[in-house]
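J.: Just a sequence and a predicted model for now, questions to come.
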Amino acid sequence: MDFHADFLGPVIGGFVSEKKDFRWLEWVILFMVAFNYLYCIPQSETYKKTILQKRARKEKQSNVLLSHPAGPPLSTVIQRIVLKPFKMLFVESIVLFMTIYMAFNFAVFYSFFAAFPYIFGGQYGFTPSQQGLTFISIALGCVVGFLAVVYIDRRTYPQLESKYGVGSVPPEHRLYGAMVGCALNPVSLFWFGWTADVGVHWSCPVVAAVPFAIGNIMVYSSGALYIMDSYGSLHGASALSANSLLRYAFGGAFPLFTVQLFSNLGIGWASSLLGFVSVALVPVPWVLYKYGKRIRAHSQYIIMKEPLLVNSQV
């Protein structure tokens, strides 16, 4: 989950910017980067293909690997790492629609980093440190959303594995979390926008952000699992690379015009505009759940396997 801890930035940054100057914001980031770097140094390789290649070279059991110590040619690397994710994004319906949905949620999530200071600083007169504390609602929602996805998987997957067999459960069953969480996003955006617009007590829009964070995490987690289960280890990494590219592009672009959007349309209508788009995207996991098998059958990257029903009584 690559944005669960992003709420810490505004919380810490609000106090740092209020008590220190802007340079200390950069120092804090530098300290965290150094800590993460030191933490990663002793970690071992986990990619199965790389582990097997190293083992084969060490034991001298693979003449093919030993005869190509320099690895694949540059053109193959470019095709596999750079071009393949772009191709999958535009030719694979599962990747395209799930990525658009996840990218929009990711963009709204990051627009809160500009919207919260604008709303709680201008509408409610919060100080920078108080503005940062409002992001704790996002943290709470992320935790609840993550636990909800785990709970749904734990409740459904044992029964599905007993029915289809371990490793043979259709990928569409990974979408349960997204199907539950997708309704929370538009509800949260309408609730957040109009309570803040009319100046209701600050606790109301703060609480309103919680359902969005819950739904966001549920859609993100279920969507990533669905993509990986659909394309497997061979093509799943490329599919998720395309997904990450669009998510971060949207996430980087939306905060650039969030303040202008809220100031020109007003808090209520700006949030409602995002809510209407979110409503339009709600059917995505439901459609993929119903027609996913048919879509996967036409994919050039997926080899369809008929699940073996282990227990037809389930």
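T.: Arrived safely. All values derive from a computational prediction rather than experimental measurement.

J.: CA atoms for contacts and neighbours, from now on please.
T.: Noted.

J.: In the protein, where is pLDDT below threshold?
T.: For the chain, the stretches with pLDDT under 70 are 1-7, 60-81, 303-314.

J.: Any idea which residue is closest to the centre of it?
T.: Nearest to the geometric centre of the chain sits Y220, at 4.0 Å (Cα atoms, centre = their mean).

J.: That residue touches M102, doesn't it?
T.: Yes - under the criterion of Cα atoms under 8 Å, Y220 makes contact with M102 at 6.0 Å.

J.: Run a quick neighbour tally on L89.
T.: For L89, the count of nearby residues is 24 (other Cα atoms under 10 Å).

J.: That one and V95 touch, don't they?
T.: Yes - assessed by Cα under 8 Å, L89 is found in contact with V95 at 5.6 Å.

J.: any residues in contact with both of these two?
T.: 239, 242-243 (Cα atoms under 8 Å, 6 or more residues apart in numbering).

J.: from those residues, which ones fall inside helices?
T.: Those of these mapping onto helices are 239, 242-243, per DSSP state H.

J.: Surely I217 touches F146?
T.: Yes - using Cα under 8 Å, I217 is in contact with F146, at 6.2 Å.

J.: the more surrounded of the two?
T.: I217 (31 against 22).

J.: which residues in the stretch 151-300 of the chain form helices?
T.: 176-181, 184-197, 203-265, 267-281, 283-297 (DSSP state H, counting those that start in this stretch).

J.: how about these, which one is nearest P10?
T.: helix 203-265 (13.9 Å; Cα to Cα).

J.: Next, count neighbours for F254.
T.: The number of residues near F254, taken as other Cα under 10 Å, comes to 20.

J.: I misspoke; the intended subject was S162.
T.: Neighbour tally, S162, other Cα under 10 Å: 16.

J.: Return the residues in contact with Y226.
T.: Y226 neighbours (Cα under 8 Å, 6+ apart): 171-175.

J.: which of the residues you listed tops the neighbour count?
T.: Counting neighbours by other Cα under 10 Å, R174 leads the contacts of Y226 with 27 neighbours.

J.: how close does that residue get to D21?
T.: Distance of R174 to D21, given as Cα to Cα, to the nearest Å: 46 Å.

J.: do the same with I136
T.: Taking Cα to Cα, one finds I136 at 23 Å from D21.

J.: What of P10?
T.: Counting by Cα to Cα, the gap from P10 to D21 is 15 Å.

J.: if I pick the closest residue to F15 other than its chain neighbours, what's in contact with it?
T.: Using Cα to Cα, 6 or more residues apart in numbering and skipping residues adjacent in sequence, the residue nearest F15 is S129, 4.6 Å away. Listed by Cα under 8 Å, 6+ apart, the contact partners of S129 are 11, 13-15, 18.

J.: which SSE is S129 in?
T.: In this structure, S129 sits in helix 128-133 according to DSSP states H and E.

J.: from the chain's centre, how far out does that helix sit?
T.: Remark: helix 128-133 is offset 25 Å from the chain centroid, using Cα atoms, centre = their mean, to the nearest Å.

J.: Ok, stretch 49-62 next?
T.: How far stretch 49-62 lies from its chain's middle: 34 Å, per Cα atoms, centre = their mean.

J.: circling back to that earlier point, need the buried ones from the contacts of S129 selected in PyMOL.
T.: Per 16 or more other Cα atoms under 10 Å, the buried members of the contacts of S129 correspond to this PyMOL selection:
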select buried, resi 11+13+14+15
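
J.: In JSON lines: the contacts of S129, plus distance to F262.
T.: Shown next, in JSON lines, are these (distance: Cα to Cα, whole Å):
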{"residue": "V11", "distance to F262": "22"}
{"residue": "G13", "distance to F262": "23"}
{"residue": "G14", "distance to F262": "21"}
{"residue": "F15", "distance to F262": "25"}
{"residue": "E18", "distance to F262": "24"}
